[in-house]
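Engineer: Predicted model follows, preceded by the sequence.
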Amino acid sequence: MHIKVYAMDCGCSGQVFRVLEEAIQQAGADATVEKIQDAMLLARAGVMAPPVIEINGKTVVRGRTPKTAELVAFIMDALIQEEQEAVQ
C-alpha cells in the first residue's frame with residue numbers, strides 16, 4: 001500500500017502524520033508513506049487545501065485532519081481492494 005500525504009511543513013502536519021501512523025498500526029497494514037511538504041510540490045500537484053491524503057492513488061481526505069478511526073476504515077477498504085485485485 002502506498003500512501004501520499006501532502007501537507008505544509010508546520011506544526012499542524014505533525015498531527016496528521018501521528019494520526020496516520022496510528023491508523024496504519026491499528027489496521028495492521030504494510031504501508032509506505034510518502035510525505036510531500038514542499039510548497040512548490042504541493043502547488044504542482046494541485047493541492048490547494050492541505051492536508052491531502054491519498055491511498056493507492058485515491059484521495060481520501062482533503063483540507064482537514066481526519067480521525068484515526070476514519071483513516072483505519074479507508075486503509076481497510078484499500079486492503080480489501082488490493083486483495084480483490086490480486087485474485088483477479
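Structural biologist: Looks like it came in fine. Residues are numbered from 1 along each chain as shown.

Engineer: from here on, contacts and neighbour counts on C-alpha atoms
Structural biologist: Fine.

Engineer: which parts of the longest helix that the chain contains are buried?
Structural biologist: Counting by DSSP state H, the longest helix found in the chain is helix 68-87. The neighbour-count check on helix 68-87 (16 or more other C-alpha atoms under 10 Å) flags 68, 71, 72, 74, 75, 76, 78, 79 as buried.

Engineer: So for the chain, the centremost residue is which one?
Structural biologist: Compute the mean C-alpha point of the chain, and by C-alpha atoms, centre = their mean the closest residue is residue 53, 3.4 Å away.

Engineer: quick one, phi psi at it?
Structural biologist: phi -120, psi 130 (degrees, to the nearest 10).

Engineer: gap between it and residue 33?
Structural biologist: 10 Å (C-alpha to C-alpha, to the nearest Å).

Engineer: shared neighbours, the two?
Structural biologist: Shared contacts of residue 53 and residue 33, defined by C-alpha atoms under 8 Å, 6 or more residues apart in numbering, comprise 3, 4, 5.
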